[in-house]
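Q: The amino acid sequence is not available; the structure is as follows:
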DNA sequence: TATTGTTATACTCTATAACTATA
DNA sequence: TATAGTTATAGAGTATAACAATA
């Protein structure tokens, strides 16, 4: 038989579909959880970089998140307007802006962190604790830089 | 309780970061694997819906993939121009286009499927077989319809 | 009146290029 | 010259709205 019968595969079994929709669902959950605080998942990613660290330049934050420095401008604009961060010229190098969480910004982060963790828990609810931990470990393993391979991180949060 | 010291969390520990970058990496791998066939991951998703099934309307394909019907138009345009699918009015309902894989389209799908599976394997390479299977099951579980009022375990797939 | 495919349009997101001020 | 931040612009991707053909 030259042409074996084509078998109908369920598209939803493709790993790409599963991972993509896992991402969509998790983002929807975290966005919804953070919405009452008037921030979204991407904003929270920035807060997470800033918290508990010395003031950073916008470019350093951008690099940590894998986004372009031009993309950071609007994000920091919004944070500054809300009083979440301060943006002052770095005395050591006045080309740089030193970005630092304010008191209210830190308070906001704490609420956001709780909301974010609750959303994570909701996302992982179908898994028992052991499986959830293994799931997390598997994700880390899969993202560990494959030696000798060229890898490019893109995008925030 | 004057505000406990803010702890610096590694942003890359957030589940959202892990899932997002897993998606980015897997997409990069599958896109690269499919590029020699002149298709990408999204095209492959469409092929996967069409293969081994009776001809479908554009809208049905779009719904299966969770995209808008207007988005399907250009995708099918490209496939038709390449001779991968035929697009003829459905005799039963002439508003519909019956989309069907051609012979060359099926041959292309077979090559694409092999390439896609190889990319999946590369993605999962850091995991042993048992963990990889568990990872897949966990993804399915996490995507199981959240509206299911009845929380009962349904034995995986 | 509702639905399928189509087109035109708008919107979101993000990157590239160019400008400024510093170094 | 080179770098950080800013601005304006462009591109990719996808959705919304309107229209023709069909039901």
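A: Nice, I can see it. From a predicted model like this one, the values you see are computed outputs, not experimental measurements.

Q: tell me, how many neighbours does residue A:65 end up with?
A: The number of residues packed near residue A:65 is 24, by other CB atoms under 10 Å in any protein chain shown. To be clear about C-beta, it is placed using only N, CA and C from the backbone, and glycine gets the same treatment.

Q: That one reaches residue A:44, doesn't it?
A: No. With contact defined as CB atoms under 8 Å, residue A:65 does not count as touching residue A:44 (11.1 Å).

Q: Just give the nearest non-adjacent residue to residue A:52, would you?
A: Residue nearest to residue A:52 in three dimensions, not counting chain neighbours: residue B:8, with 3.2 Å by CB to CB, 6 or more residues apart in numbering or on different chains.

Q: and what of residue A:14?
A: In space, residue A:14 is closest to residue B:48, 6.3 Å off (CB to CB, 6+ apart).

Q: Which of the helices or strands spans the one you found?
A: Secondary structure assignment for residue B:48, by DSSP states H and E: helix B:41-50.

Q: Summarise which helices and strands that helix is packed against.
A: Judged by 3 or more CB pairs under 8 Å, 6 or more residues apart in numbering or on different chains; DSSP states H and E, helix B:41-50 is in contact with helix A:15-34, helix B:15-34, helix B:58-65, helix B:69-81, strand B:93-101, helix B:103-124.

Q: switch to 6 Å and redo it
A: Under the contact definition 3 or more CB pairs under 6 Å, 6 or more residues apart in numbering or on different chains; DSSP states H and E, helix B:41-50 sits against helix B:15-34, helix B:58-65, helix B:103-124.

Q: Residue A:91: neighbour count?
A: Neighbour number of residue A:91 under other CB under 10 Å is 8.

Q: do the same with the one 4 residues further on
A: Around residue A:95 there are 8 other residues, counting by other CB under 10 Å.

Q: Per-residue pLDDT of it, please?
A: Looking at residue A:95, its pLDDT is 97.

Q: Can you pull the residues of chain A lying near chain B?
A: Counting by CB under 6 Å from any CB of the partner chain, chain A comes close to chain B at A:6-8, A:11, A:15-16, A:18-23, A:26, A:30, A:41, A:48-49, A:51-53, A:106, A:120, A:126-127, A:131, A:135, A:138-139, A:141-143, A:157.

Q: I'm done for today, thanks for sticking with me.
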